[in-house]
Each structure stands twice: as C-alpha cells, then as structure tokens.
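Participant: what shape does this take:
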Amino acid sequence: MRLRDLIILTVLTTLFFGIFLGSRPLSVPDEGRYAEIPREMVATGDWLTPRLNGVKYFEKPPLVYWFTALSIKLFGLSEWSIRLAPALFALLGCLSLYLTGATLFSRRAGILSAIILATSVLYYAISRTLILDMPVTALITVSLCSFLIALRQPVGWKRRALLYVFYAGCGLTMLTKGLIGIVIPGMIIFVWMLAMNQWSILRSLYLPSGSILFLLIAAPWHILVQRANPEFFNFYFIREHFQRYLTKVHGRFKPFWYFIPVLAGGLFPWSAFLVQGVRRALPLSWKDRHLHRETVFLLLWAGLIFLFFSASSSKLAPYILPVLPPLALIIGKYLADAWEQGAIPGFRWAYAVLFSLALALAAALALLPRFRPEIDVAVFRPYSAALIVILLAGAAITWFQFKRHGVRRSLAALIAATGLFLITANTAMPHLDMRSMKDELQILKPLLRPGDEVMSYHTYYQDLPVYLERKITVVEWTGELTFGTTVEDTSGWMISEDEFRRRWNGPNRVFLVTNQENYDRLVNSGLGRFRIVEQSPTPQHVTLLNREELL
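Facilitator: Below you'll find the model as predicted:
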C-alpha cells in the first residue's frame, strides 16, 4: 500500500512541481547568483572554490552548487535545468512527510500532510526558485523525520539505519547552509529530550558511529577549501554565521514579529486550520506529554525554528520555510481526523478564517498595481482577475461542499482550487518580477564576437553572466564581491572608472550595460563615440557599444 502511495504521490507531485518550471526568466538577484556559481564550476572545472563572476564567493557551502552544476552538465544551461534541484528537493520533502505521517498517525494523515506541504504558497513558490532554502528544508525534514521514526523501532538494524539517515541528512544540510545543519536538529532534539526527560535515548542513538558519518560528509569540503583558501575560515564561520545572525551586517533587519504574517501567508490556505491543528496536538496536561511525544516533537520542531529565526538580526521570508513540514504534519493529522469523524470542533471557524484570508489576498492582488507602478496593468489584469476568481470561487465552493456534502468533498475542492491558483500564479510571475535581463540579452548575445568585452557600469546584473555564458567586467562596483576582491587580484575585470575610460576608448569592441540614470550621467560627462544597442523601459537600462558602426 505504501509503495503504491509513494508511486502515485511521486508522479502527481513531480507533475505539479515540474509544470512550467522553466517558463519564466531567472529571478534576480538570487537565482542569477546561484546559477552563475555552478555555471562557472562547469566552465572552469573548479568544483572546490565557489566563484561569482570569477570572484571567490564563500557565503554558502557548495552542495546546491554541485547539484545545479551537475544538472547543467547533463541537460545544458536553461531555466529548467537550473531549477531542477529545488524541485527535486521539494519532492523529497513531500515524500518524507507522507512516510512520517503514515508511520506516526495514519495513511490518510500521511497523504494529506504531503498534499498540504506541496500546496502551501511559500513551499510551492520556493520549489521553483533556485535558492538554498528548499534543499535545507527538505534535508532537515528527512533528518528529523528519520529520527522520529527511528525512535519507534527497537534497538537493531532498522533503528541504526534510520539514525544513519538522520546523521547523513545533518551532514548534507551543513554542506548546504552551514552550521544550522547541526544546530537546528540538535537544538530541537535536546529541548525535546529535556521536556520528555528521555535522556536514556542517548544510549541508543549510535552517537560515535553517527558522528563519524556526519563528519565524513560535512568535513572534507571545509578542510579542502580552507587549505586552498586560507582566508575562508574567518569569512565563512565568523562573518557569515555569527555576525550574520547576531548583527545587522547584511542590512536585513526586520522586527521580531516579521515571520508571523509571512507564516500565515506562506502556509495559505492551510494556515486557516493551524490554530485548531495545534490545539488538538497539544497534550491536555504536562503529565500527558508522554502520550503525545511525537506531536510534542513536531510542535518543538516548528516553534524552535520559528523563534530561532525570529531572534536573528537578519531576516528574509524564505528562512521560515523549515517550519512548514512539521506544521503540515500537525494539520494533516487534524484534517485526517476530520475526514474520519466529520466536522470536529473548530472546523467551521477554520472555514471562516479561510474565506477571510482569501478575501484579503484577493484585495491585495487588486491593489497590487498601485504599489508596483512598474507593472503593466493591461497585461497583468487578466492574470489578477483569474487569480481573484479562483480565490473567491474556490473558497465559496469549498464552503458549499462542506455544508452540503461534508468534510471530504470540501477538502477535495480546496486542494483542487489551491493547485489551480498556484499554477496560475506561476504563469503571472514574469509580469510581476521584471528585473531579469533575459529578453534584452537575447539581442546582445548574437552580436558578441571573440575578443569583445561586456561591462556592467556602477552596478552588477546577477543574470548577465549566466545568459551571456561569460564572465563580465564590472566598473566601480564590488558589493557582495568586496571580500573576494581583497584576497586575490581581480583588477582585470573588476575595474575603476579610469580603467573603464581607457578601455572604452581603446581598439577593442566594448559593450556596456547600465541603468538609465548612469547612462544620462555618462553622456553628460562626455562618453565619446558610442551606439545604442538596446534601450529598455522596464527595467530601465541601456546597452551601448563603443563604436558608431552598424551592427
């Protein structure tokens, strides 16, 4: 039965995550950055030291770079191959949730938990975006789910195998985003054992051999990259771990409550059932906690990660993604109980919250062009109208099905409406995120000849080297590449204003990409001879050639 469920879930979830995966340009800056690093690995053959536009880039470990580089090597460079890794990790997270829900609670709870996770707004959005948060979430999920299931096994080979999956998952998580790979699982397990007074479990966790497995996976790259780059340790561990968490060094400070609305929107539509699911999962008293040790673990998993990132001085919306899997399990169990028993307490209130959230989201879509003036209203209006109709009609049909036919049909209607909403939203995304240079670079790329130089002036477009498949010259800008430019000589392509002027007026052809403001300043300062290759209103940028010749 479980094998059949896994096959069906794999096929359906693969189709769900895979449809239109490569249909939109890379999102910038993040996807441009995380695509260029593996592209350079393939181009240079150096899979040890991550580089962004040829500059050492030690902000993150290499696992996702390696996966993406392998995908590029196998399938070529495209948006689809670039996004294959997060989609596969999203699938892994859903399958892990099914197995865990089916083992801890019931087959139906496992199926519903996987569906809830797959159709949560934030999870779906990140499943088709090349950033590190989806692989981190999936690997933490595999690790902690394996740990939970292992505790149900007697001491023996099954328990050992599951715990080795836990240790391997922690090692791979550390290779994905650093120390949180051990800090977060360790924190959750420690607090859970403290709350349950289950210290005796330590004797059967195979800590010595498990720790060796963890180190065999996590340590080699860190050791080798440190040997090749002596400056690595201080930047990677001190600045990118401790200073990023404890200070405002990255300029991403948000208030403590920042993740509350992010969680409500990111878990939509299933956030409507969150309060009821948590309330049902809580033990009735402190003495009863041992009867609910799995749900207490899930609550700690979600709660501690939420608090951990809320306390950080650096906050971005995707950071909260690892909270979704345990909440999906909690909500999945609640809905599975409702499926069997009918409208259990709190269910009608959940539908009222669902309708309120749908109305709020519909209003936000209607008002979005007022807050995003760069949006072409005429182009976006059909998408927003379709999304609003799906939202409101889906909520109404879900409520109607609940009143006339009960929980089962209402949940089926909600799942169908949510899937349709997410797929439609994905088709609308190119009209909301218009920062990509792809269309303009399709004009520039055929014009390039061997020996031509492409420059970015006083800024750096993250997707420029990806779509042009070459390193570019950057004028008077270092930004996030500042550290890399201080540890080795990058003066050949990270150049000053004076060097730019010299090359611009030199014998070789130079293409220059910049924004409208910089273009106006250049012209007013006396740029010399040039020809406009392309000029785009959205985003406002200009591509120039240091020749007056016809192209």
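
Participant: mind giving me the packing neighbours of the host helix or strand of residue 276?
Facilitator: Secondary structure assignment for residue 276, by DSSP states H and E: helix 274-281. With contacts defined as 3 or more CB pairs under 8 Å, 6 or more residues apart in numbering; DSSP states H and E, the secondary structure elements packing on helix 274-281 are helix 293-310, helix 324-341, helix 347-371. All C-beta atoms are positioned from the backbone trio N, CA, C, and that covers glycine.

Participant: in JSON lines: those helices, plus distance to residue 163.
Facilitator: Shown next, in JSON lines, are these (distance: least, CB to CB, whole Å):
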{"stretch": "helix 293-310", "distance to residue 163": "15"}
{"stretch": "helix 324-341", "distance to residue 163": "19"}
{"stretch": "helix 347-371", "distance to residue 163": "37"}
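
Participant: dump these into a markdown table; add mean neighbour count and distance to residue 269 as well.
Facilitator: Listed next are the helices and strands packed on helix 274-281 as a markdown table, based on neighbours: other CB atoms under 10 Å; distance: least, CB to CB, whole Å:
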| stretch | mean neighbour count | distance to residue 269 |
| --- | --- | --- |
| helix 293-310 | 20 | 18 |
| helix 324-341 | 25 | 11 |
| helix 347-371 | 16 | 6 |
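
Participant: residue 137 is nearest to which of the ones you listed?
Facilitator: Taking CB to CB, helix 324-341 is the member of these nearest to residue 137, at 6.8 Å.

Participant: count of neighbours near residue 432?
Facilitator: Using other CB atoms under 10 Å, residue 432 has 15 other residues around it.

Participant: now residue 511: which helix or strand?
Facilitator: Going by DSSP H and E, residue 511 is part of strand 510-515.

Participant: mind saving the C-alpha coords of that strand as CSV?
Facilitator: What follows is strand 510-515, C-alpha atoms only, in CSV (Å, rounded to 0.1, in the frame of the first residue of the first chain):
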residue,chain,number,x,y,z
VAL,A,510,33.2,47.0,-25.6
PHE,A,511,29.5,46.6,-24.8
LEU,A,512,28.3,48.4,-21.8
VAL,A,513,25.1,47.7,-19.8
THR,A,514,23.9,50.1,-17.2
ASN,A,515,20.7,51.8,-15.9
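
Participant: OK, contacts around the residue nearest to residue 290 when sequence neighbours are not counted?
Facilitator: Nearest residue to residue 290, sequence neighbours excluded (CB to CB, 6 or more residues apart in numbering): residue 196, at 6.6 Å. Residues counted as contacts of residue 196 (CB atoms under 8 Å, 6 or more residues apart in numbering) are 289-290, 293, 296.

Participant: please apply the same query to residue 349.
Facilitator: residue 276 are the contacts of residue 349 under CB under 8 Å, 6+ apart.

Participant: that one and residue 272: what is the separation?
Facilitator: According to CB to CB, to the nearest Å, residue 349 and residue 272 sit 9 Å apart.

Participant: same thing with residue 183?
Facilitator: Distance from residue 183 to residue 272, by CB to CB: 32 Å.

Participant: what do you get for residue 285?
Facilitator: Between residue 285 and residue 272 the computed distance is 28 Å (CB to CB).

Participant: for these two, indicate the residue with more neighbours.
Facilitator: residue 272 (25 against 8).

Participant: is it true that the more buried one lies in a strand?
Facilitator: No. Assigned with DSSP: H, G, I helix; E, B strand; the rest coil, residue 272 falls outside any strand and is helix.

Participant: ramachandran angles for residue 534?
Facilitator: The phi and psi values for residue 534, taken as degrees, to the nearest 10, are phi -160, psi 140.
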